[in-house]
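Asker: pasting the structure only:
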């Protein structure tokens, strides 16, 4: 009985100690939050969200950040820093559509220092203003589907691939044989449809004429200088120019620009949050998280003591 009480006291002590220890990890967060609040009152700045976009293999992360900045009333605009060769058409289109929602309430400015090609330009064309370096590369507006054909390589090593399929076109993307003319025609129709969506969105958002698409949408890459003449970008410049453009766009929308433009970047998920399956936006629930962690450790400790007691009982008997 005494042993059980002692174990219970030790377990409670361990649990409370762990809760205090983990909570202390978040004291800097609370301090920083209070400090930011005081600074906003004493010396307010105009906050602008910043998202960097590289190769577009997925839209999930970027859309999540756009939505967070959209909901945050402190964020007055969005700056997209694009350095992208493109990527998947569906993911690019998804980001484009999310930016359209954001743009209804807050201005969006794109800054291209090096590259905004293909899907990267698809995302960029939604912005209120696109600013690019004169030597940056812009465009590559088009669609491509490239698949290797390893049929002869397989024949060389006497490897045969059998196909069992349900659906005439199910193996249309096979790399082990030549495609039929009918299959190639089907892939071409898919590519043409995606191209039509791409060029239509670019023309609408950049006030271009679709009948001139062969000039700006045949897959060519343009320098920033050339893109400006084709109206694919709005001006040439750098971050300081983007900052001025954001100020002007805010004033046009009747938003008061206070202090300086302060760029806010997405917070990386902390190691602790990753460990327990949480994210930065869940910081208000961190106390519950620490309690969960402490309870889990407490349960493990109780199980250990229970097993130890059981083993001792066996030895005594």
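Answerer: Looks like it came in fine. If you're wondering where the values come from, they're calculated on a predicted model, not measured in any experiment. Numbering: from 1, shown residues only.

Asker: report the buried residues of the helix or strand encompassing residue 50.
Answerer: Using DSSP states H and E, residue 50 sits in strand 46-53. Buried residues in strand 46-53, counted by 16 or more other CB atoms under 10 Å: 46, 47, 48, 49, 50, 51, 53. Yep, even glycine has a C-beta here, placed from its N, CA and C like the rest.

Asker: tell me the pLDDT of the fifth one.
Answerer: This means residue 50. Model confidence at residue 50, given as pLDDT, is 98.

Asker: quick check: bridge partners of it?
Answerer: Beta-bridge pairing for residue 50 (DSSP bridges): residue 79.

Asker: now residue 219, nearest residue through space, not along the chain?
Answerer: residue 142 (3.8 Å; CB to CB, 6 or more residues apart in numbering).

Asker: least trustworthy helix or strand in the protein by mean pLDDT?
Answerer: Within the chain, no helix or strand scores below helix 271-275, which has a mean of 50 by mean pLDDT, DSSP states H and E.

Asker: what comes into contact with stretch 169-186?
Answerer: If you take CB atoms under 8 Å, 6 or more residues apart in numbering as the criterion, stretch 169-186 is touched by 147, 148, 149, 150, 151, 154, 161, 163, 165, 187.

Asker: of the buried residues of strand 46-53, closest to residue 260?
Answerer: residue 46 (7.2 Å; CB to CB).

Asker: report the angle between the stretch of helix or strand residue 91 belongs to and strand 46-53.
Answerer: Assigned by DSSP H and E, residue 91 falls within helix 89-105. Per axes from the mean of the first three to the mean of the last three CA atoms, to 10 degrees, the angle that helix 89-105 makes with strand 46-53 is 170 degrees.

Asker: and the contacts of stretch 169-186, which is closest to residue 129?
Answerer: Distance to residue 129 across these (CB to CB) is lowest for residue 187, with 36.5 Å.

Asker: which stretches of this structure have low pLDDT?
Answerer: Low-confidence segments of the chain (pLDDT under 70): 1-11, 13-14, 21-43, 268-317.

Asker: again, only this time at 50
Answerer: 272-273, 276, 278, 280-291 (pLDDT under 50).

Asker: pop the domain breakdown of it in here.
Answerer: 44-140+220-266, 270-312 (automatic domain parsing).

Asker: just the ones you listed: most buried one?
Answerer: Greatest average neighbour count among the domains of the chain goes to domain 44-140+220-266 (a mean of 19), per mean count of other CB atoms under 10 Å.

Asker: tell me how far it lies from the chain's centre.
Answerer: Centroid separation for domain 44-140+220-266 versus its chain: 13 Å, with CA atoms, centre = their mean, to the nearest Å.
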